[in-house]
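Colleague: no FASTA, just this:
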């Protein structure tokens, strides 16, 4: 893009084209998280019910999905530069739709791994990495707000997606429900992307000289692994998302045996609804807060919620604990990008967000498998959930470690 073609933009104006991209990314996140993230808890429960497979086997397929997806997410920034945001978003939509159909057709364990491989492509094209990178092309000063608003679609995917999937499975069966989900996604997303996603503007903060002097993605990644500030952010969020994903994927299976399937669906819906509430409330004050401290307190609140889930098995107490846990779920998706936005060179934003997303995904990929394995070995979810509590508290301390050195070239 030629910096000479830059024209001033008012990102605060409702007429600014970037807000249409926020709507597109909101819808994309709704399907991405509904089918790729929160949907995993439905897949685990349904495949156990249909085939009687152990939780550890199904969870290992989820782990494979996250690991393979992480390898793809790390290069989302380069893909957008090479093919443009519109083509990448459409490709992600078709990949997620194909994955949904594939999961509904699983009859043998090996087919589960194949379906999860397709799902990894869909996840890379509909989740955090591509959304933050896409919005970064349209927003500079309002980037944090744009990302926060768009990622409410992630929570909306849980609020709407999980209950609708369960209802659709009751009417159409597992296979039919997944086909219907794929059709709806393609029919809605492809026209919206074609209509609203065009050529991004040139950001004033990245002029011709800055662009020419910007380090390459390879250099940025190499420097990131030498930067204490980046390592503390990436490792802390990787650990807490390990616990969060492991818990959420197994949540319906756990609650089903304690309070029943319908109450479990309500608990999951409330968890994701609270994620929206938490993110919206934080969006008004997060720019004035210590974002690392806010992250640490969020980690502690999830640990407290897990302790209640483990030790109190009353319907209302469990649902309230899920609500407390959910209050920070949305912010834990948003906060890494906001910390990167605040603390690091803006020219490195896309690469660093893709890298931190890949690191997080590689780590939390093992969450469902480890939780499932410990559940099978111990005979209950108490042991793995206590492990999640310990991980959350370690992350709460780690996130407060901030590097002071500027030699890495990443710090503003």
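Modeller: Nice, I can see it. Worth saying up front: this structure is predicted, and the values here are computed from it rather than measured. Residues are numbered from 1 along each chain as shown.

Colleague: grab the longest helix from the chain for me.
Modeller: Scanning the chain for the longest helix, with DSSP state H as the assignment, gives helix 152-196.

Colleague: which strands or helices does that helix pack on?
Modeller: Judged by 3 or more CB pairs under 8 Å, 6 or more residues apart in numbering; DSSP states H and E, the packing partners of helix 152-196 are helix 18-36, helix 39-51, helix 85-104, helix 261-283, helix 315-343. All C-beta spots, glycine's among them, are computed from the backbone N, C-alpha and C.

Colleague: please identify the most buried of those.
Modeller: helix 18-36 (a mean of 24; mean count of other CB atoms under 10 Å).

Colleague: tell me the pLDDT of the closest residue to residue 157 other than its chain neighbours.
Modeller: Closest residue to residue 157 apart from its sequence neighbours, by CB to CB, 6 or more residues apart in numbering: residue 34 at 3.2 Å. The per-residue pLDDT reported for residue 34 equals 89.

Colleague: same question for residue 397.
Modeller: Predicted confidence (pLDDT) for residue 397: 94.

Colleague: number of nearby residues for it?
Modeller: 12 (other CB atoms under 10 Å).

Colleague: so it lies in a helix, does it not?
Modeller: Yes: checked against DSSP: H, G, I helix; E, B strand; the rest coil, residue 397 lies within a helix.

Colleague: in TSV: the helices and strands packed on helix 152-196, plus distance to residue 217.
Modeller: Formatted as TSV, the helices and strands packed on helix 152-196 follow (distance: least, CB to CB, whole Å):
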stretch	distance to residue 217
helix 18-36	22
helix 39-51	30
helix 85-104	16
helix 261-283	29
helix 315-343	15
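
Colleague: relative to residue 126, which of these is closest?
Modeller: helix 18-36 (3.1 Å; CB to CB).

Colleague: from the contact counts, what lies against the closest one?
Modeller: The contact analysis (3+ CB pairs under 8 Å, 6+ apart) places helix 18-36 against helix 85-104, helix 109-124, helix 128-138, helix 143-150, helix 152-196.

Colleague: ok, the residue nearest to residue 386 when sequence neighbours are not counted - how many residues close by?
Modeller: Nearest non-adjacent residue to residue 386, counting by CB to CB, 6+ apart: residue 310, 6.5 Å away. By the measure other CB under 10 Å, the count of residues near residue 310 is 19.

Colleague: who's in contact with residue 310?
Modeller: Residue 310 makes contact with 381-382, 385-386, 389 under the criterion CB atoms under 8 Å, 6 or more residues apart in numbering.

Colleague: closest one to residue 369 among the helices and strands packed on helix 152-196?
Modeller: Residue 369 sits nearest to helix 39-51 of all the helices and strands packed on helix 152-196, at 11.1 Å, using CB to CB.

Colleague: following that closest one, which helix or strand comes up?
Modeller: Moving toward the C-terminus from helix 39-51, the next helix or strand (DSSP states H and E) is helix 55-73.

Colleague: so that next one versus helix 109-124, what angle?
Modeller: 40 degrees (axes from the mean of the first three to the mean of the last three CA atoms, to 10 degrees).

Colleague: just the buried residues of helix 55-73, please?
Modeller: Neighbour counts over helix 55-73 (16 or more other CB atoms under 10 Å) mark 55-70, 72-73 as buried.

Colleague: okay, now the residue nearest to residue 38 when sequence neighbours are not counted: neighbour count?
Modeller: Distances taken as CB to CB, 6+ apart place residue 158 nearest to residue 38, at 4.1 Å, with adjacent residues excluded. Neighbours of residue 158 under the rule other CB under 10 Å: 28.

Colleague: wait, residue 158 sits on residue 267?
Modeller: No: judged on CB atoms under 8 Å, residue 158 makes no contact with residue 267 at a distance of 11.2 Å.

Colleague: how long is stretch 129-148 end to end?
Modeller: Counting by CA to CA, to the nearest Å, you get 14 Å between the two ends of stretch 129-148.

Colleague: look up how far residue 347 lies from the nearest residue to residue 232 once chain neighbours are set aside.
Modeller: What sits nearest to residue 232 in space, not counting adjacent residues and going by CB to CB, 6+ apart, is residue 401, at 4.2 Å. According to CB to CB, to the nearest Å, residue 401 and residue 347 sit 25 Å apart.

Colleague: OK, contacts around residue 118?
Modeller: By CB under 8 Å, 6+ apart, the contact set of residue 118 is 95, 98-99, 102.

Colleague: check the gap between it and residue 36 for me.
Modeller: Separation of residue 118 from residue 36 (CB to CB) stands at 11 Å.

Colleague: which neighbours do these two share?
Modeller: Joint contacts of residue 118 and residue 36 (CB under 8 Å, 6+ apart) are residue 99.

Colleague: can you give me how far the host helix or strand of residue 370 is from the chain middle?
Modeller: Assessed by DSSP H and E, residue 370 sits inside helix 366-378. In terms of CA atoms, centre = their mean, to the nearest Å, the centre of helix 366-378 is set 21 Å apart from its chain centre.

Colleague: can you list contacts of stretch 47-65?
Modeller: Under the criterion CB under 8 Å, 6+ apart, residues 40, 43-44, 106-107, 109, 112-113, 115-117, 119-120, 123, 174, 249-250, 253, 365-369, 371-373, 375-376 lie in contact with stretch 47-65.

Colleague: repeat for stretch 386-399
Modeller: 232-233, 235-237, 239-240, 242-244, 246-247, 292, 295-297, 299-300, 302-303, 306-307, 310, 370-371, 374.

Colleague: neighbours of the nearest residue to residue 177 once chain neighbours are set aside, how many?
Modeller: Spatially, and ignoring its direct neighbours in sequence, residue 177 is nearest to residue 168 (3.6 Å; CB to CB, 6+ apart). Neighbours of residue 168 under the rule other CB under 10 Å: 18.

Colleague: ok, residue 168 - contacts?
Modeller: Residue 168 makes contact with 176-177, 180-181, according to CB under 8 Å, 6+ apart.

Colleague: in this protein, what secondary structure element scores lowest on mean pLDDT?
Modeller: One helix or strand of the chain scores below all others by mean pLDDT, DSSP states H and E: helix 208-213, with a mean of 49.
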